[in-house]
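**Student:** Sequence plus predicted model, see below.
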2 protein chains.
Amino acid sequence: MERNIKKLVILGSTGSVGTQTLDIVRAFPDHFEVVGLCNGFNAPLLEQQIDEFKPAYFSSLGDTQTGYGGAKAAPAEEIVILPEVDIVVAATVGSAGMPTSMAALRVGKTLGLANKEVIVMAGNLLIEAAEAGGATILPIDSEPSAIWQCLEGEVSEPSRLIITASGGAFRDRTWASLDDVTPEQALKHPTWTMGPKITIDSATLMNKAFEVIESRWLFDIPFDKIDVTIHRQSIVHSMVEFSDGTLKAQLGPTSMGQPIQHALFYPERQVNDDLPKLDAVTMGTLTFEEMDQTLYPCFELALEYGRKGGTYPAALAGADEAAVLLFLGGKIKFTDIPDSVAETLAAHDSITSPSVADTIEAAQWATENTLMRHNHSTILS
Amino acid sequence: MERNIKKLVILGSTGSVGTQTLDIVRAFPDHFEVVGLCNGFNAPLLEQQIDEFKPAYFSSLGDTQTGYGGAKAAPAEEIVILPEVDIVVAATVGSAGMPTSMAALRVGKTLGLANKEVIVMAGNLLIEAAEAGGATILPIDSEPSAIWQCLEGEVSEPSRLIITASGGAFRDRTWASLDDVTPEQALKHPTWTMGPKITIDSATLMNKAFEVIESRWLFDIPFDKIDVTIHRQSIVHSMVEFSDGTLKAQLGPTSMGQPIQHALFYPERQVNDDLPKLDAVTMGTLTFEEMDQTLYPCFELALEYGRKGGTYPAALAGADEAAVLLFLGGKIKFTDIPDSVAETLAAHDSITSPSVADTIEAAQWATENTLMRHNHSTILS
């Protein structure tokens, strides 16, 4: 059954989605083969992954030497375009995944996209590259994955997408009361266990605005047909409304395992006893409420610039990346995040019809501008 | 666009689902043409429908004369097999829809099935007839329609169907306290407006057992993979669980308009401003609880005989039909319904591998046996 084995490259293999992707691979050794592991900084974990999954290639920003565990070091952009690669999982965070994601799409690979900033920054360019290259983008992010699954098999266009939001760590507080929250408090997500960047973005609902922008491009639907509902239990991962008033919802445990596995196995589904399960018969109470916009200034701000287009969405992603790092590093307050992002965007000189390089540059400019304004010249200072 | 007009026959056109089917036809005059209207007893309404929809044929148990409004009287079994007919909507109640439904399937028509007793009585025979005739059965009943929609586009088998139940009119009472309920009380469904037979069946949860049996055949899934959850709001019309733990749900207002329209337009969807809408963003609280079996003796009883097969399910349908009529006529108590059905089934001599005629005979036997036991020799006495 050699031909049925899907060959994978994982971008960001040592992060939260990267390690969970490898959990799925580990559960189905007859279905997947890891061709390449590309990560950021965590060299010890990367080496452990190389030992276990025996990829032919790796890329590392750490000090892992070529030949480690029999794997050859190569740039990620070269690994993803290897002819034997079937699927590239973009599990990177922030703007880092852009060049490799674009490279994979241009040569027609299937891209499992968890790195939402990439599509926020340059949604139309990603879609164009996928179309030109004959590539497929499969969402791994939980909410877009839910929408994708609800659209499956439907021949008519959806009339509305309804993205669910838990409301984040501070959903029961007023914005004014959040002045003194610590990174530790903000990192406690009420329902999901995720990486630090996305958890802070969830607390501000910046993450939800990113999902709206992501969905606008992935599903080719105007912004005004995408709504958000506060759903505190995070069991309904999103919904789609059709023109006849029918709605479909995708539900599941608060686990990234299901959306990751679905992208890897699509269109099939497989039993995986390692994944948490949800008993729908006894799942209790699910609530759906309108969002209190005053509690989430980042949300409206992000959508405003998402709609403007040009390099604004890329600058948004870069500014947010910096602001979150500044908050996590104790340099700014939680409530400074939207102000900081707004200030950077107000200073941004947007380019109409940008290239991919323009979007990367805009994101970098926004990150640097934000950090410099707060007297931090590098992210790690 | 003549070729796009779907030609319809409606069985039970003067009933609840029949009139709602004609509401959809009325809303889309360029999409549908009514070829035949077949009803039971309500001649004045039938004549009004003939005046409005100008069918070429009708069948009536009343005194409408052939030639009325230019329509020719003919037996329903002959109308449904006319070459020009595309879709037959079986909106009849009880076992009455069996011969015409079978006739339509044998010649390969698309059957929109609202008349669940037909598939309860002879599920395997209906499926066999559809396969032999090259016919398609499209569920119109709200819960099976929801399951069908959730399965759309999925290539893997579902691992579980979760049918939602409102709990009926007496969900907040104990069984023992229901001794003195009147037909008027039982006819007040908490969420749905439906015909009298199905409303009483909803109060006893006989209707839910029928949906389990119906789903077992429509979706070719074993009984032990079908569960019921009490969902008081009737917004989630049913759910499907897949092998990877993912769930899909279909949601909508408590309106038969959507499932009827979906069967008529399938696979397309169309805007219909006449239908009620549900705002998912602000839909509030949805609850899902395990069913208290002690409150619904009909449910377990019906499933027991549904599983036994043979002519038991047909006898079940016939016995229930009689028991509901006896209750509505003030002849037995609400709490007598399960005992009456159980007594009839205990006396039934089931045939293994029955024919369609055997199932009709078993249902008639059960109806008559039940009525006679209560000293009522006809349904209308």
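**Tutor:** Good, I have the coordinates.

**Student:** Walk me through the domains of chain A.
**Tutor:** Listed domain ranges for chain A are A:6-140, A:146-248+A:287-373 (source: automatic domain parsing).

**Student:** Can I get those domains in a markdown table including distance to B:Val17 and mean pLDDT?
**Tutor:** Every C-beta, even on glycine, is put in place using the N, C-alpha and C of the backbone. Conversion of the domains of chain A to a markdown table gives the following (distance: least, CB to CB, whole Å; pLDDT from 0 to 100):
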| stretch | distance to B:Val17 | mean pLDDT |
| --- | --- | --- |
| domain A:6-140 | 38 | 95 |
| domain A:146-248+A:287-373 | 17 | 95 |
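
**Student:** now those domains as a markdown table including distance to B:Glu33?
**Tutor:** Listed next are these as a markdown table, based on distance: least, CB to CB, whole Å:
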| stretch | distance to B:Glu33 |
| --- | --- |
| domain A:6-140 | 41 |
| domain A:146-248+A:287-373 | 20 |
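
**Student:** Using a markdown table, lay out those domains together with distance to chain B.
**Tutor:** Converted to a markdown table, the domains of chain A look like this (distance: least, CB to the nearest CB, whole Å):
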| stretch | distance to chain B |
| --- | --- |
| domain A:6-140 | 10 |
| domain A:146-248+A:287-373 | 2 |
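
**Student:** Just tell me which of the ones you listed ends up closest to B:Gln48.
**Tutor:** Closest of the domains of chain A to B:Gln48 is domain A:146-248+A:287-373, at 26.7 Å (criterion: CB to CB).

**Student:** Now do the end-to-end distance for the closest one.
**Tutor:** One end of domain A:146-248+A:287-373 to the other measures 39 Å (CA to CA, to the nearest Å).

**Student:** from the middle of its chain, how far away would that domain be?
**Tutor:** 11 Å (CA atoms, centre = their mean, to the nearest Å).

**Student:** Sticking with the residue nearest to A:Ser340 when sequence neighbours are not counted, tell me its helix or strand.
**Tutor:** Leaving aside its chain neighbours, A:Ser340 sits nearest to A:Ala323 (4.4 Å; criterion: CB to CB, 6 or more residues apart in numbering or on different chains). Per DSSP states H and E, A:Ala323 falls inside helix A:312-328.

**Student:** Name the next helix or strand downstream of that helix, please.
**Tutor:** Defined by DSSP H and E, the subsequent element after helix A:312-328 is helix A:336-347.

**Student:** Show me what that next one packs onto, helices and strands only.
**Tutor:** helix A:196-204, helix A:297-308, helix A:312-328, helix A:356-373 (3 or more CB pairs under 8 Å, 6 or more residues apart in numbering or on different chains; DSSP states H and E).

**Student:** Determine which of those helices approaches B:Leu295 most closely.
**Tutor:** helix A:196-204 (41.0 Å).

**Student:** Ends of stretch A:17-36, what's the gap?
**Tutor:** Span of stretch A:17-36 from end to end, CA to CA: 15 Å.

**Student:** Can you give the distance from it to the centre of its chain?
**Tutor:** When distances are taken as CA atoms, centre = their mean, stretch A:17-36 is centred 19 Å away from the chain's centroid.

**Student:** What residues of that stretch count as buried?
**Tutor:** A:17-25, A:27, A:31-36 (16 or more other CB atoms under 10 Å in any protein chain shown).

**Student:** Over to stretch A:49-65?
**Tutor:** Neighbour count says stretch A:49-65 has A:49-50, A:53, A:55-60, A:64 buried, by 16+ other CB under 10 Å.

**Student:** before we move on, what about stretch A:169-187?
**Tutor:** A:169-171, A:175, A:178, A:181, A:186-187.

**Student:** re the thing from before, helices - which of the buried residues of stretch A:17-36 land there?
**Tutor:** A:17-25, A:27 (DSSP state H).

**Student:** Just send the residues you listed back as a markdown table, with distance to B:Gly123 too.
**Tutor:** Below are those laid out as a markdown table (distance: CB to CB, whole Å):
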| residue | distance to B:Gly123 |
| --- | --- |
| A:Val17 | 44 |
| A:Gly18 | 48 |
| A:Thr19 | 47 |
| A:Gln20 | 42 |
| A:Thr21 | 43 |
| A:Leu22 | 45 |
| A:Asp23 | 41 |
| A:Ile24 | 38 |
| A:Val25 | 42 |
| A:Ala27 | 37 |
